[in-house]
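Participant: Fold the following for me, if possible:
(one chain, ligands or ions: 5)
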Amino acid sequence: MTPGRQRHPPWTRRIFILAAGCAAPALANAERCAVCGRKLHARSWIFEGKLCCSETCVDRLRPRCSMCGQSMRGEYIEAEGKLYCGNACLERTFPKCEICKGPIRKGYTITSHRYCENCVQSLPTCFSCGLPAAHPTHLGDGRDICVHCLRWAVTKPAPAEMHYDRVRRQLEAWTGLPLATLPALELVDLGEMQRLAKEIRKSDAPVSVRGLYSRQTTVTRRRVLGTWKVDGAEERECIYIVDHLHDEVFRVAAMHELMHDLIHEHFPRLADAPLWVHEGVCQQAAAEYCRRRNQVDILHGIEQCEDPDYGDGYRYIHALTGFEGWPALRRWMETVDVAALPATAPR
Ligand SMILES: [Zn+2]
Ligand SMILES: [Zn+2]
Ligand SMILES: [Zn+2]
Ligand SMILES: [Zn+2]
Ligand SMILES: [Zn+2]
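Facilitator: Ligands and ions are numbered 1, 2, ... in the order given. Okay, here's the model as predicted:
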């Protein structure tokens, strides 16, 4: 099974409102202006204990806005160690929301993406990339897809097969192990995927499912001279992937599901290993693919997943794999004491 992405808490910036001191008129005496050094006239100003000849000189003593450079009278703003004359200048320093382009006073950062709170709360989540969906398209089965994912969406069997084959070759190259039988690929909509997930997985995991690997053995029997004989057992392997995924997301999902098949073919000793081992190893294959293709957003979703099987399973497998990568993982899969593995992933 390939899961989607989880939500992140918002961040806020710390902003303080301060006030500059007032300049009071003062009576002139023989002194000179503390700023320009000219002799003081009859009318002069005192600002924070300093005598000045004019308001212009007083302004030079006042704090300056670090955005527009103007000297500030009355209220001004401090944010992250810098001073601003008002909201207009402060907002020019805010990051811009990726969707509405407005300044972010309170918002969310997801990998390199920044969104204002309003966009995150008012827009649906794209089922493909898991980010707030800009200009979403609503699909008939209840899903929303963002404009970026829609442009690259895998919707038809022929391109799906092309991506699938490419991923198969990359998995074989990464592991050095060939897949003897390739599961059939089927693109399904969300309703069908949910039905299959219940039937195949029988779990209520809170992750939204993008892909599924299924293996069913059909035993055919024939009556021969009054008794039933087993004619042959036919194994049907199938990988289901939800349609309309961005092609990069599709390939990551396919990589995860094909890894299930590779485990089945080459590491039968893991057949009875707990679910977190299978999902952790498959997520490791998916993460490895993301790293090689520099898919930081999808990788982030895998690394931050909170699910105990997919998230904790992946983090455990990833840690033991270390810098060595596949050879270390392969050794572990060949030698681990399967019966001694805990039912849940160690954290
Ligand atoms: Zn899986
Ligand atoms: Zn002066
Ligand atoms: Zn300013
Ligand atoms: Zn916004
Ligand atoms: Zn998207």
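
Participant: only C-alpha atoms for contact and neighbour calcs from this point on.
Facilitator: Fine.

Participant: does the residue lying closest to Leu275 once chain neighbours are set aside sit in a helix, a strand or a coil?
Facilitator: Among residues not flanking Leu275 along the chain, Asp309 sits closest, at 6.5 Å (Cα to Cα, 6 or more residues apart in numbering). The three-state label for Asp309, taken from DSSP: H, G, I helix; E, B strand; the rest coil, comes out as helix.

Participant: correct me, but Asp309 touches Ala343?
Facilitator: No - if you go by Cα atoms under 8 Å, Asp309 and Ala343 don't touch, sitting 10.0 Å apart.

Participant: More neighbours: these two, which one.
Facilitator: Neighbour tally, Asp309 and Ala343, criterion other Cα atoms under 10 Å: the higher count belongs to Asp309, 22 against 13.

Participant: Quick check: the gap between the more buried one and Arg315.
Facilitator: 10 Å (Cα to Cα, to the nearest Å).

Participant: Which residues are in contact with each of the two?
Facilitator: Residues touching both Asp309 and Arg315 by Cα atoms under 8 Å, 6 or more residues apart in numbering: Gly280.

Participant: Tell me where the model's unsure across this structure.
Facilitator: 1-30, 201-208 (pLDDT under 70).

Participant: Kindly recompute the last result at 50.
Facilitator: The model of the chain has pLDDT under 50 over residues 206.

Participant: and it, which residues reach ligand 2?
Facilitator: 33, 35-36, 53, 57 (Cα under 5 Å from the ion).

Participant: just curious, which of those is nearest to ligand 1?
Facilitator: Each of those was scored against ligand 1 by Cα to the ion, and Cys57 proved nearest at 71.3 Å.

Participant: Now do the SS call for the closest one.
Facilitator: Assignment for Cys57 (three-state DSSP): helix.

Participant: Let me know whether it touches Cys36 as I believe.
Facilitator: Yes - here Cys57 lies in contact with Cys36, judged by Cα under 8 Å, at a distance of 7.0 Å.

Participant: Give me every residue in the stretch 101-250 of the chain lying close to ligand 5.
Facilitator: 126, 128-129, 146, 149.

Participant: The residue of the stretch 51-200 of the chain found nearest ligand 1 sits in which helix or strand?
Facilitator: Across the stretch 51-200 of the chain, the shortest distance to ligand 1 (Cα to the ion) belongs to Ala197, at 10.9 Å. Take DSSP states H and E as the rule and Ala197 turns out to sit in helix 190-201.

Participant: in that helix, what's buried?
Facilitator: For helix 190-201, a neighbour-count test (16 or more other Cα atoms under 10 Å) marks 190, 193-194, 196-197 as buried.

Participant: Please apply the same query to stretch 102-122.
Facilitator: By 16+ other Cα under 10 Å, the buried positions in stretch 102-122 come out as 102-105, 107-108, 110, 114-117, 119-120.

Participant: The residues you listed also near ligand 3: which ones?
Facilitator: Counting by Cα under 5 Å from the ion, no member of the buried residues of stretch 102-122 reaches ligand 3.

Participant: out of these, which are inside helices?
Facilitator: Secondary structure defined by DSSP state H assigns 117, 119-120 of those to helices.

Participant: quick one: contacts for Arg64?
Facilitator: When contacts are counted by Cα under 8 Å, 6+ apart, Arg64 touches 70-72, 83-85.

Participant: picking up where we left off before, what separates the residue nearest to Leu275 from Ala184, distance-wise?
Facilitator: 25 Å.

Participant: now swap in Pro346 and tell me
Facilitator: 34 Å.

Participant: same thing with Thr175?
Facilitator: In terms of Cα to Cα, Thr175 sits 21 Å off from Ala184.

Participant: Same question for Cys305.
Facilitator: Going from Cys305 to Ala184 by Cα to Cα gives 28 Å.
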